[in-house]
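Undergrad: Have a look at this fold, sequence not included:
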């Protein structure tokens, strides 16, 4: 079973008891503001999403990790790799994404978790490129993408909801050069 430990977080596969806290995250309009059309999700939709996440793990050997705060054991949200089938113009590719509950914002958890996932994608999954997609206006996510060494490569429109989006990307070579420079 794939698990990644960072300084403050545990990135792990999903458990049955993750449904309720993840459903609470999905019920928060502030969290969901930049996801699709901005609609919140209920427990039934969250369960279906968790089942889809597990299918991605089985099909691809990667997926979305539950993000657990090491010091408390709380579920903060998720981060991981997925195939952005909703955006055919960038296919074939793999996307790094994240979603954390509002009370976990501003602590650097999303950057810490996403950086570990990008390393996992390049080192363990042997990906050549990783993208990240955000809606225009979501400056917090764009700052994380830039911290990950990603660069804006295109603007487009999310065909699922008609909202403008930005697509960032980095390659294995760019990531390796950045890690070498930073001494990671």
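TA: Yep, that arrived. Worth saying up front: this structure is predicted, and the values here are computed from it rather than measured.
Undergrad: Check what pLDDT the residue positioned nearest the centre of the chain gets.
TA: Residue closest to the mean C-alpha point of the chain, counted by Cα atoms, centre = their mean, is residue 97 at 1.8 Å. Among the per-residue scores, residue 97 holds a pLDDT of 97.
Undergrad: Count the residues that sit near residue 54.
TA: 14 (other Cβ atoms under 10 Å). Where C-beta positions appear, they are placed from N, C-alpha and C, glycine not excepted.
Undergrad: Show the low-confidence segments of this structure, by residue range.
TA: In the predicted model, the chain carries pLDDT under 70 at residues 182-184.
Undergrad: which ones are touching residue 149?
TA: When the contact criterion is Cβ atoms under 8 Å, 6 or more residues apart in numbering, the partners of residue 149 are 170, 174, 175, 178.
Undergrad: and it, what element?
TA: Secondary structure assignment for residue 149, by DSSP states H and E: no helix or strand.
Undergrad: ok, now how distant is it from residue 122?
TA: 11 Å (Cβ to Cβ, to the nearest Å).
Undergrad: Please indicate which of the contacts of residue 149 are buried?
TA: When the contacts of residue 149 are checked for burial by 16 or more other Cβ atoms under 10 Å, the buried set is 170, 174, 175.
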